[in-house]
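[1] Just the structure for this:
(one chain, ligands or ions: 1)
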Amino acid sequence: MSSATVRTAGKLDYLVDQLADLKAKGLYTTIRTLDSAQGAWLEIEGRRVLNFCSNNYLGLANDPLLVAAAKEAMDRYGVGPGAVRTIAGTVRIHTDLERRLAQFKGVDDTIVLQSGFTANTGAIAALVGPGDAIISDALNHASIIDGVRLAGKADRYVYEHCDMDSLEAQLKVASGKGYRAMLIITDGVFSMDGDIAPLDRIAELAERYGAITMVDDAHGEGVIGRGGRGAVDHFGLHGVFDIEVGTMSKAFGVMGGYVAAKQPIVDWLRQRARPFLFSSALTIPDTAACLKAVDILEGSTERVDRLWANARYFQARMKSLGFNLGVTQTPISPVILGEAQVAQAFSRRLFEEGIFGTAIAFPTVPLGKARIRVMISAAHSEADLDVGIATFAKVGRELGVVG
Ligand SMILES: *Cc1c(COP(=O)(O)O)cnc(C)c1O
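    Prediction:
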């Protein structure tokens with residue numbers, strides 16, 4: 001043992017202990033290494049497995065058109081953005097992407113950030129502060145929760161998941177307190193159950209109490225609404241819902257986040273969103289590939305249509321086999337199995353049978369609701385889905401989950 005190891009051992013013991021504790025409780029995450037591009041099938045540990053795990057809803061993550069666009073842009077602009085945009089300037093394709101996204105979403109303007117995560121944290125912390133209130137769905141994504149923490153001096157209210165009586169009760173309490181601004185925040189599509197937030201009813205309540213509305217549409221973008229225009233489009237609430245946060249890491253198949261909103265909101269975020277001011281811009285290949293993804297979505301609804309046809313096909317057959325898919329309204333297909341051990345055993349057997357489907361348990365989902373969350377993609381063929389369904393049926397019978 002080197003002397004350096006001896007010296008650091010003591011002060012890192014708490015981490016070593018915590019890691020051992022995670023392992024003892026079965027909560028230690030190990031990550032599979034892929035040796036292939038994203039797609040319906042993956043190469044993992046020397047085996048070809050059917051991919052039921054990725055958010056690559058439209059199969060764009062390895063699309064040749066996106067790859068070609070990224071290469072072309074790199075030939076012209078190189079790879080990196082140099083620095084933050086406010087200091088090093090912005091590359092033409094960044095502003096092109098913002099303009100195209102604004103057209104696609106039917107909003108005044110958009111601001112592009114490095115990820116959906118930074119779009120949420122940056123926007124929330126910039127928009128509200130002391131003397132304001134945030135009213136948040138109990139099951140909102142971690143990046144919203146972190147954004148709320150960063151807006152530390154704003155008061156926080158949490159309403160029961162998608163429960164409009166609970167939201168109204170919180171609005172009543174908050175509206176008696178004379179806040180400068182009240183911001184309601186919800187996921188558009190909830191990623192663990194696939195349910196859609198009732199944005200129409202949220203908008204009505206917001207109107208009644210004078211609150212600003214914000215939706216994180218990470219799982220709605222490219223999936224719901226006309227041609228994948230997202231949750232606001234799904235409900236026909238253009239110009240009514242104030243702020244849409246999008247990610248380009250899911251259906252768009254690339255990386256990056258954005259805020260689509262009315263002009264004063266986007267203008268303010270360009271002045272004050274900290275991930276915009278203090279973190280470098282999206283890279284050149286990401287930006288060019290995102291632009292191509294917008295082109296593809298604007299050009300045709302074919303991929304979105306195929307995604308939905310696949311989802312309906314899979315979900316109908318899984319339900320008729322007796323699997324519990326919960327309350328999903330989207331291609332997210334949670335196969336709810338109960339105890340964490342059952343979900344883990346199920347996932348392990350699936351992998352042995354050539355299906356990549358990760359078990360998700362507490363605290364990501366409630367106790368007793370552990371599941372394999374199957375993510376359906378337009379990249380799957382009907383034959384792929386048949387393989388998946390037959391394997392679920394086989395393992396389900398083996399483990400006594402279905403008859
Ligand atoms: C995935 C996700 C994000 C983060 O998006 P990235 O672009 O991957 O950072 C934010 N919100 C929700 C609801 C998500 O599902």
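[2] Pull the distance from the strand or helix carrying residue 292 to the chain's centre.
    Using DSSP states H and E, residue 292 maps to helix 284-299. Centroid separation for helix 284-299 versus its chain: 18 Å, with Cα atoms, centre = their mean, to the nearest Å.
[3] That one vs the ligand: in contact?
    No: for a cut-off given as Cβ under 6 Å from any ligand atom, helix 284-299 has no contacts with the ligand; the smallest distance is 10.8 Å. Quick note: C-beta positions are derived from backbone N, CA and C, even for glycine.
[4] Give the next helix or strand downstream of that helix.
    Counting by DSSP H and E, the element after helix 284-299 in chain order, helix or strand, is helix 302-320.
[5] Only the buried residues of that following helix, if you could.
    303-304, 306-308, 310-311, 313-315, 317-318 (16 or more other Cβ atoms under 10 Å).
[6] can you tell me the distance between the two ends of stretch 20-38?
    32 Å (Cα to Cα, to the nearest Å).
[7] Equivalent analysis for stretch 54-65, please.
    Length of stretch 54-65, first residue to last, Cα to Cα: 20 Å.
[8] Is the ligand within reach of it?
    No: using Cβ under 6 Å from any ligand atom, stretch 54-65 stays clear of the ligand, coming no nearer than 6.8 Å.
[9] now swap in stretch 200-217 and tell me
    Yes: Stretch 200-217 comes into contact with the ligand (Cβ under 6 Å from any ligand atom), by way of residue 216.
[10] what comes up buried for that stretch?
    202-203, 205-206, 209, 211-217.
[11] Now pLDDT too, for the residues you listed, in CSV please.
    Formatted as CSV, the buried residues of stretch 200-217 follow (pLDDT from 0 to 100):
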residue, pLDDT
202, 98
203, 98
205, 98
206, 98
209, 98
211, 98
212, 98
213, 98
214, 98
215, 98
216, 98
217, 97
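[12] Return the member of these nearest to residue 93.
    Nearest to residue 93, judged by Cβ to Cβ, of these is residue 217 at 22.8 Å.
[13] Setting the sequence-adjacent residues aside, check what's closest to the closest one.
    Once flanking residues are discounted, residue 217 sits nearest to residue 188: 3.9 Å by Cβ to Cβ, 6 or more residues apart in numbering.
[14] And for residue 103?
    Residue nearest to residue 103 in three dimensions, not counting chain neighbours: residue 298, with 7.9 Å by Cβ to Cβ, 6+ apart.
[15] Residue 332 against residue 375, yeah?
    Yes: using Cβ atoms under 8 Å, residue 332 is in contact with residue 375, at 6.6 Å.
[16] can you tell me which helix or strand residue 351 belongs to?
    helix 340-352.
[17] what does residue 395 give?
    In the assignment (DSSP H and E), residue 395 maps to helix 382-398.
[18] Pull the residues that contact that helix.
    Outside helix 382-398, the residues within contact range by Cβ atoms under 8 Å, 6 or more residues apart in numbering are 40-41, 50, 52, 310, 313-314, 317-318, 321-323, 335, 346, 349-350, 353-355, 374, 376, 380, 401-403.
[19] let's see 6 Å
    Helix 382-398 is contacted from outside by 40, 50, 313-314, 317, 321, 346, 349-350, 353, 355, 402, using Cβ atoms under 6 Å, 6 or more residues apart in numbering.
[20] List only buried entries from the residues you listed.
    Applying 16+ other Cβ under 10 Å to the contacts of helix 382-398, the neighbour count classes 40, 50, 313-314, 317, 321, 346, 349-350, 353, 355 as buried.
[21] for the ligand, what are the nearby residues on this protein?
    With Cβ under 6 Å from any ligand atom as the criterion, the chain comes near the ligand at residues 115-117, 120, 141, 143, 187, 191, 216, 218-219, 247, 249, 257.
[22] Top of those by number of neighbours, please.
    Among these, the one with the most neighbours (other Cβ atoms under 10 Å) is residue 216, at 33 neighbours.
[23] Whichever residue of the stretch 301-403 of the chain sits closest to the ligand: how many residues sit nearby?
    Nearest residue of the stretch 301-403 of the chain to the ligand (Cβ to the nearest ligand atom) works out as residue 332 at 10.0 Å. Neighbours of residue 332 under the rule other Cβ under 10 Å: 25.
[24] Now the phi/psi pair for the nearest residue to it once chain neighbours are set aside, please.
    Closest residue to residue 332 apart from its sequence neighbours, by Cβ to Cβ, 6+ apart: residue 194 at 3.2 Å. Main-chain torsions, residue 194, degrees, to the nearest 10: phi 80, psi 20.
[25] For the nearest residue to residue 247 once chain neighbours are set aside, give me the pLDDT.
    In space, and not counting its chain neighbours, residue 247 is closest to residue 116: 3.0 Å by Cβ to Cβ, 6+ apart. Looking at residue 116, its pLDDT reads 98.
[26] can you pull the contacts of residue 116?
    218, 247, 257.
[27] how far away is the residue of the chain found nearest the ligand from residue 333?
    Closest to the ligand within the chain is residue 116: 2.5 Å, counting by Cβ to the nearest ligand atom. For residue 116, the distance to residue 333 equals 21 Å [Cβ to Cβ, to the nearest Å].
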